[in-house]
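Undergrad: coords below, sequence missing:
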């Protein structure tokens, strides 16, 4: 009886989706390389732009906007994934009930455990039915929902804390600028104005501009956007400058679109082939470097496309810079140029998948119990790997990333101080010589680490490494031994900028976000 009722209610939606599918199929055929599922996904991403524009004309009634944004997100999910949308409906409802009914002292931790367990089981099931396949299914949005569930559960938990409980949970506020309490700073900055209603919760979960590809913002950012608190300086109106900002991001996304096609021709898998060994070693290494770097283009394209839509709807507003210019980077999920010009792995992670970076930093890394603080980096990498799935390639990539992180700590401590010069702002910065060497080296290490992440299969990834004589691990191993046991740290002269051994200046430590 219930199934018949659902089928009856969905009949008009099914008819509409069937009609639209004809045009999507024609678009897929015209492209020559897009399968139908990916064509649906891309068409929804493009459709977000006009829908976001229309959304701005909805009367400023928060409950109405929550409902419309929720229904559009559900439609996107049903159009792309069909009946698999039941997974998001089921888990989002369970999470809501857990936060409402379980004791506040540990409901957030139980939600995190449940969300991670569900996405893990989903990854295992996908591996079972479609091993090494690239067909789209519900696991992609479920990964984003895992972040949203964590944000919601922890933010509600933090909201319920009394000042005394906050001191006990996050520690007291620091009065010493060199010893900042990053967890407390984040909790204060992301603290909810009120506990969300059921409609606000589901609206946040399914908000259509970021349901499929992100970015995931804090619950506070979503609520402030919906009631126009974000735009208090403009009388509650979204500045018209958002259109120009969105247009720039849209064009920026199109710049990366050809890379998705080129990456299909210049593939990392070619390096693993036996016949590729006829090429000299330098060619194999450069080919791997180039091919692996090209694969990032498809991520840049989709994330920038989603960012532009979020700016159109108004979610991208992030205040003003020091010159009074409006900033529209609150919905950024990737910074391609900053990533490609990174000088260490930390700069890479800070500019790649920013939603996941915020989640890992503010809800895992900073919240590891003090008794396990010495292992917080490794715990964070493990959480990231499990969240991505259980293909062996992920774990090879993250183990390599952990090793590279340790190497860059030594580089920052022992090499970088020798190459500091005074910048235009009067502050110490890296010299041009350091950048000329550090940027391509970091790019090659990142590209090599990305190989198993893309190939997923351990044996294929290892053959790729073998055909380049394991150049990545030779570089990491030799450099680490030299820096750890041979090269001494420079003597402190009092002119070296304040820094930490993580490869960052103190000012660049965990950001507040949103």
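TA: Looks like it came in fine. Only a predicted model underlies this, so the values are computations on that prediction, with no experimental measurement involved. Numbers count the residues shown, from 1 in each chain.
Undergrad: Which helix runs longest in the chain?
TA: helix 281-313 (DSSP state H).
Undergrad: which other helices and strands contact that helix?
TA: Helix 281-313 is packed against helix 36-55, helix 241-262, helix 269-272, helix 336-340, helix 432-455, with contacts defined by 3 or more C-beta pairs under 8 Å, 6 or more residues apart in numbering; DSSP states H and E. Any C-beta I mention is one placed from the backbone N, CA and C, and that applies to glycine too.
Undergrad: Now the second one: average pLDDT?
TA: The average pLDDT for helix 241-262 rounds to 93.
Undergrad: on contacts alone, who are the packing partners of that helix?
TA: Partner elements for helix 241-262 (3+ C-beta pairs under 8 Å, 6+ apart): helix 281-313.
Undergrad: before we move on, what about the fourth one?
TA: Other elements packing on helix 336-340 under the criterion 3+ C-beta pairs under 8 Å, 6+ apart are helix 281-313, helix 345-350.
Undergrad: on that earlier part again, and the helices and strands packed on helix 281-313 as TSV, adding mean neighbour count?
TA: Below are the helices and strands packed on helix 281-313 laid out as TSV (neighbours: other C-beta atoms under 10 Å):
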stretch	mean neighbour count
helix 36-55	19
helix 241-262	16
helix 269-272	20
helix 336-340	16
helix 432-455	19
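Undergrad: May I see those helices organised as JSON lines, with distance to residue 288 added?
TA: As requested, these are exported to JSON lines (distance: least, C-beta to C-beta, whole Å):
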{"stretch": "helix 36-55", "distance to residue 288": "25"}
{"stretch": "helix 241-262", "distance to residue 288": "15"}
{"stretch": "helix 269-272", "distance to residue 288": "5"}
{"stretch": "helix 336-340", "distance to residue 288": "16"}
{"stretch": "helix 432-455", "distance to residue 288": "7"}
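Undergrad: between these, which one is nearest to residue 419?
TA: Residue 419 sits nearest to helix 432-455 of all those, at 3.6 Å, using C-beta to C-beta.
Undergrad: Please state the offset of the closest one from the chain centre?
TA: Helix 432-455 sits 19 Å away from the centroid of its parent chain (C-alpha atoms, centre = their mean, to the nearest Å).
Undergrad: Using neighbour counts, pick out the buried residues of the host helix or strand of residue 10.
TA: Assigned by DSSP states H and E, residue 10 belongs to helix 2-31. Judged by neighbour count using 16 or more other C-beta atoms under 10 Å, the buried positions of helix 2-31 are 17, 21, 24, 27-28.
Undergrad: Looking at the residues you listed, spot the one nearest residue 446.
TA: So of those, ranked by how close each gets to residue 446 (C-beta to C-beta), first place is residue 28, at 31.9 Å.
Undergrad: For the closest one, give me its contacts.
TA: Going by C-beta atoms under 8 Å, 6 or more residues apart in numbering, residue 28 touches 34-36, 38-39.
Undergrad: ok, back up a step: who wins for proximity to residue 153 among the helices and strands packed on helix 281-313?
TA: helix 36-55 (26.9 Å).
Undergrad: how big is the angle separating that closest one from helix 2-31?
TA: Helix 36-55 runs at 100 degrees relative to helix 2-31, counting by axes from the mean of the first three to the mean of the last three C-alpha atoms, to 10 degrees.
Undergrad: State the distance from residue 445 to residue 140.
TA: Distance, residue 445 to residue 140, by C-beta to C-beta, to the nearest Å: 27 Å.
Undergrad: Can you pull the poorly scored residue ranges out of the stretch 101-250 of the chain?
TA: For the stretch 101-250 of the chain, the stretches flagged by pLDDT under 70 are 176-178.
Undergrad: wait, isn't residue 148 in contact with residue 203?
TA: No. If you go by C-beta atoms under 8 Å, residue 148 and residue 203 don't touch, sitting 11.4 Å apart.
Undergrad: quick one, which of the helices and strands packed on helix 281-313 is nearest to residue 290?
TA: helix 432-455 (7.9 Å).
Undergrad: who's in contact with the closest one?
TA: 268-269, 272, 285, 288-290, 292-293, 295-296, 340-345, 347-348, 392-394, 396-397, 400-401, 404, 416, 419, 430, 458, 461, 464-465, 468, 471-472, 475-476.
Undergrad: Also stretch 259-273?
TA: Residues contacting stretch 259-273 (C-beta under 8 Å, 6+ apart): 33, 276, 284, 287-288, 290-292, 294-298, 300-301, 451, 454-455, 460-461, 463-464, 467-468.
Undergrad: Narrow those residues to just the buried residues.
TA: 276, 284, 287-288, 291-292, 294-298, 300-301, 451, 454-455, 460-461, 463-464, 467-468.
Undergrad: dump the residue contacts of the residue nearest to residue 45 when sequence neighbours are not counted.
TA: In space, and not counting its chain neighbours, residue 45 is closest to residue 305: 5.1 Å by C-beta to C-beta, 6 or more residues apart in numbering. Counting by C-beta under 8 Å, 6+ apart, residue 305 makes contact with 45-46, 213, 250, 253.
Undergrad: What's the separation between residue 305 and residue 48?
TA: Counting by C-beta to C-beta - residue 305 and residue 48 are separated by 8 Å.
Undergrad: Quick one: residues contacting the residue lying closest to residue 243 once chain neighbours are set aside.
TA: Using C-beta to C-beta, 6+ apart and skipping the chain neighbours, the partner closest in space to residue 243 is residue 312 (7.1 Å). Contacts here follow C-beta under 8 Å, 6+ apart; on that basis residue 312 touches 48-49, 52-53, 56, 209, 242-243, 246.
Undergrad: one more time with 10 Å, if that's ok
TA: Residue 312 makes contact with 48-53, 55-56, 209, 238, 242-243, 245-247, 249-250 under the criterion C-beta atoms under 10 Å, 6 or more residues apart in numbering.
Undergrad: Please apply the same query to residue 73.
TA: Contacts of residue 73 (C-beta under 10 Å, 6+ apart): 85, 88, 141, 202-212.
Undergrad: Sort out for me which of these are in helices.
TA: 88, 141, 202-206.
Undergrad: Any chance of TSV for those residues, columns neighbour count and distance to residue 375?
TA: Listed next are these as TSV, based on neighbours: other C-beta atoms under 10 Å; distance: C-beta to C-beta, whole Å:
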residue	neighbour count	distance to residue 375
88	22	32
141	25	31
202	21	36
203	25	37
204	26	32
205	25	32
206	26	36
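Undergrad: now for those residues, which pair is the farthest apart?
TA: Every pair of the ones in helices among the contacts of residue 73 checked by C-beta to C-beta; the farthest is 141 and 203, at 15.8 Å.
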